[in-house]
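Peer 1: A predicted structure for the sequence below; I have some questions about it.
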Amino acid sequence: SSSRCYSNDGDDEENVPLVDSNRRSETSEMFGCGFCKLPQSLQVYLRQPTSLSGLGLSLLYLNVLCFGGIMTAFLVWRGMRLQTIGVWRGISSSIGLMGTFAYFYSIKYMSIVSTGMWSIAFQFLALSVSYASLFVDHYNTSLGMLIGGVCASRVGLWVFDISVTQLMQEHVEEDVRGVVGGVQQSLNALFSLLSFALGILIPDPRDFFIYVGLGYGSVGVAMLLYGFGVFRRQSELESIATGHKK
């Protein structure tokens, strides 16, 4: 979804509210009261039928089980050469690109909602292998399980990202799509920043198991949020989709 917020030019801009007064008051009652009201843009975001799905997507930015700086530092500490890490990073990216083809193949046979569900479940299962590597004593086996699970999880990550983005484009009202997209990007940046903050707070490579647990847990929570959000508001999603087709 677009991160830009479009508005009318001229004097009419002041007369066009972000949301109508009735819906604004309902949202305020749901998400805030008195001095503890949430920002209006966040209220608009939470009111959307895709809000929990978007929140699940943003949680994935907390996951450091990828070939980023933190995991690279751990692999170097474990004795892996930078050249080897570079090769695995390229392999991981190539596998991730396969997710694009998997998405288009999937939507030919099932809905976008179902595609998003199997993709986040696949990512969780793949990272289960990485998490299980914590309990394996054999060096090569443990490292192979960690890297293999991370590489395989990229397919689920890419498909899930595309699925949630497409759901937002189809089911978020056009007049607030820019606001919702902006909040989504802010949440993504927030959780990404938190992952780097953890690197500062827990700098010892021997504590990498904490990152693995947090990454694995964040994907699990994302899967629950997506499943709960989709099935809780499935009728609303279907009604909006029907309206768009008409």
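Peer 2: Received it, and whenever you're ready, just let me know what you need.
Peer 1: quick check: longest helix of this structure.
Peer 2: helix 139-171 (DSSP state H).
Peer 1: in that helix, what's buried?
Peer 2: 142-143, 145-147, 149-168, 171 (16 or more other CB atoms under 10 Å). Yep, even glycine has a C-beta here, placed from its N, CA and C like the rest.
Peer 1: so how far is the following helix or strand past it off the chain centroid?
Peer 2: The helix or strand immediately downstream of helix 139-171 is helix 177-201, counting by DSSP states H and E. In this view, helix 177-201 has its centroid 10 Å away from the chain centroid, taken as CA atoms, centre = their mean, to the nearest Å.
Peer 1: one step back: average pLDDT for the longest helix of the chain?
Peer 2: Averaging pLDDT along helix 139-171 gives 92.
Peer 1: for the helix or strand hosting G116, packing partners?
Peer 2: Following DSSP H and E, one finds G116 within helix 112-132. Under the contact criterion of 3 or more CB pairs under 8 Å, 6 or more residues apart in numbering; DSSP states H and E, helix 112-132 touches helix 82-106, helix 139-171, helix 208-232.
Peer 1: tabulate these (JSON lines), appending distance to N63.
Peer 2: Supplementary listing: the helices and strands packed on helix 112-132 in JSON lines, determined by distance: least, CB to CB, whole Å:
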{"stretch": "helix 82-106", "distance to N63": "13"}
{"stretch": "helix 139-171", "distance to N63": "9"}
{"stretch": "helix 208-232", "distance to N63": "4"}
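Peer 1: looking at these, which is nearest to G54?
Peer 2: G54 sits nearest to helix 139-171 of all these, at 6.3 Å, using CB to CB.
Peer 1: what packs against the closest one?
Peer 2: Short answer (3+ CB pairs under 8 Å, 6+ apart): helix 139-171 packs on helix 51-59, helix 82-106, helix 112-132, helix 177-201, helix 208-232, helix 234-245.
Peer 1: list of residues touching stretch 113-121?
Peer 2: With CB atoms under 8 Å, 6 or more residues apart in numbering as the test, stretch 113-121 has contacts from 53, 56, 99, 102-103, 106-107, 110, 155-157, 159-160, 163-164, 167, 219, 222-223, 226-227, 230, 234, 237.
Peer 1: swap the cut-off to 7 Å and go again
Peer 2: Residues from elsewhere that reach stretch 113-121 (CB atoms under 7 Å, 6 or more residues apart in numbering): 103, 106-107, 156, 159-160, 163-164, 167, 222-223, 226-227, 230, 237.
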